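# fold the following.
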Amino acid sequence: MKVVKLEDIIGTDQEVKGENWTSRRLLLKKDGMGYSVHDTIIKAGTETHIWYQNHLEAVYCIEGDGEVETLSDNKIHPISANMIYALDKHDEHLLRANTDMRMVCVFNPPITGTETHDENGVYPVVED
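I've put the predicted structure just below:
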C-alpha cells in the first residue's frame, strides 16, 4: 500500500510549476497504478492552452471557478467547486481561471512527473 501526504510533495521535484499553474504530483507512473493523480492549482486570471494528445484527463474541481473552452466546437463549459470534467477525446482546450482553482487531475496513461506542456499544450509520452 502507498500513502502520500500533500505536505510531503510540496517543495520536492514532484511539485512542478508552470507560468499559470502548480502541479503537485501525488501518484506517478513509477507507482504502477496505470494512472497518475495530481493536486493542481490554476492561478486566477490566467488562460492556459492545453491539448493532451497522448493522455486522457479527468479533472475534479474542489475550489474556485473558471471555464474550459473546447476548441473543436468553441463550446464554453463553466467550472466550479464540486464538479468534474473529462477530456475523453484528447480535447484541445483553453482553461481559464476566474479565481484560483484547486483541481484533482487524473491522467491515463500516467505521467512520470517530469513532463511540462510544450508549445502546443501537450505532455509528451516519456518512456522509462
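# element containing the residue sitting nearest the centre point of the chain?
Centroid check for the chain by CA atoms, centre = their mean gives C105 as the closest residue, at 4.8 Å. Per DSSP states H and E: C105 is located in strand 101-108.
# packing partners for that strand?
On a contact count with 3 or more CB pairs under 8 Å, 6 or more residues apart in numbering; DSSP states H and E, strand 101-108 meets strand 36-42, strand 56-63. For the C-beta atoms, the positions are set from N, CA and C on the backbone; glycine is no exception.
# okay, buried residues for the next helix or strand after the first one please.
In this case it means strand 36-42. Downstream of strand 36-42, the first helix or strand assigned by DSSP H and E is strand 47-51. Buried residues in strand 47-51, counted by 16 or more other CB atoms under 10 Å: T48, H49, I50, W51.
# show me how far strand 47-51 is from its chain's centre.
Relative to its chain's centre, strand 47-51 lies at 10 Å (CA atoms, centre = their mean, to the nearest Å).
# just want the angle from that strand to strand 56-63.
Relative orientation of strand 47-51 with respect to strand 56-63: 150 degrees, computed using axes from the mean of the first three to the mean of the last three CA atoms, to 10 degrees.
# strand 47-51: partners in the sheet, and parallel or antiparallel?
Using DSSP bridges, the strands paired with strand 47-51 are strand 92-97 (antiparallel).
# related to what we said a few turns ago, closest to G18 out of the buried residues of strand 47-51?
When the buried residues of strand 47-51 are ranked by distance to G18 (CB to CB), T48 comes first, at 7.7 Å.
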